[in-house]
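S.K.: just need the structure, nothing else, for what follows:
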Amino acid sequence: VEPSTYGYKVLGAGYRVLVLGSAFRVRGSGFRVQRFSRLVMGLLTGRVAIVTGASKGIGRVISQLFAREGARVACAARSADLLKDAVAEIERAGGQAIPVASDVSREEDARRLVAETIEKFGSLDCLVNNAGDSGPTAPVQDYPLDDWHYTINSCLTSTYLCARFSVPAMVGAGRGGIVN
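M.R.: Sure thing, here's the model as predicted:
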């Protein structure tokens, strides 16, 4: 899906695509797209999701979308203040969410995130590993090793830890999904 004069262009025909809460159906062999906003309302009703990096950017939008589609969302990020704002915005729109201030590159924080989510909502169906920070930009020969470790921990270790602690709940429930 890419932007076009019609809003979105879908390459290929016969597909249904979900783009930030709106469903699109492609007809024919061309690029004509028919928009059905609200067709999929309630797609995640009864589900519980964790979204990391939920205080801003893509993570915040994913949290809002999941809540709008009926999921109860545990919003995780390092900034407690930004998280409170993100959760308040979801609740004002009628959704359910909790803030869990955490640095998910740390084992104890990732474990606590999953535990608090299950304690509050009773289950876990989906994990969105969105947290990550690329650190400073510098040529490789000038890139400090500490910054390298920070980037690896922020982007990779956090993904591993959240999956490690989420998967047992999903296996126990017989369902679940992880978005990396």
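
S.K.: strands of this protein, residue ranges please.
M.R.: In the chain, the strands defined using DSSP state E lie at 16-19, 22-26, 33-37, 48-52, 72-77, 96-101, 126-128, 177-179.

S.K.: list the contacts for the closest residue to E107 other than its chain neighbours?
M.R.: Excluding the flanking residues, the one nearest E107 by Cβ to Cβ, 6 or more residues apart in numbering is L161, at 5.8 Å. (C-beta placed from N, C-alpha, C; glycine too.) By Cβ atoms under 8 Å, 6 or more residues apart in numbering, the contact set of L161 is V104, S105, R106, E107, A110, R111.

S.K.: tell me, how many residues neighbour the last one?
M.R.: By that I understand R111. 16 (other Cβ atoms under 10 Å).

S.K.: again, but for E116
M.R.: Count around E116 with other Cβ under 10 Å applied: 17.

S.K.: and if you look at G177?
M.R.: Neighbours of G177 (other Cβ under 10 Å): 11.

S.K.: is it true that it touches N129?
M.R.: No: with contact defined as Cβ atoms under 8 Å, G177 does not reach N129; the gap is 11.4 Å.

S.K.: tell me where this protein is predicted with low confidence.
M.R.: Low-confidence segments of the chain, defined by pLDDT under 70: 1-40.

S.K.: ranges for the helices of it?
M.R.: Per DSSP state H, the chain carries helices over the ranges 57-68, 80-92, 107-121, 145-152, 158-173.

S.K.: not counting the third one itself, show me its contacts.
M.R.: Which is helix 107-121. The contact list for helix 107-121 (Cβ under 8 Å, 6+ apart) reads 48, 50, 52, 72, 74, 76, 98, 100, 102-104, 124, 158, 161-162, 164-166, 169.

S.K.: go again using 7 Å as the cut-off
M.R.: For helix 107-121, contacts defined as Cβ atoms under 7 Å, 6 or more residues apart in numbering pick out 48, 50, 72, 74, 76, 98, 100, 102-104, 124, 158, 161-162, 165-166, 169.

S.K.: same question for the second one.
M.R.: Helix 80-92 is contacted from outside by 54-56, 60, 63-64, 67, 73, 75, 77, 97-99, 101, using Cβ under 7 Å, 6+ apart.

S.K.: just the buried subset of the residues you listed, written out for ChimeraX, thanks.
M.R.: What follows is the ChimeraX syntax for the buried subset of the contacts of helix 80-92, where burial is set by 16 or more other Cβ atoms under 10 Å:
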select :54,55,60,63,64,67,73,75,77,97,98,99,101
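
S.K.: out of the contacts of helix 80-92, which is nearest to D146?
M.R.: A77 (21.9 Å; Cβ to Cβ).

S.K.: now do the contacts for that closest one.
M.R.: Contacts of A77 (Cβ under 7 Å, 6+ apart): G53, A54, S55, L83, A131.
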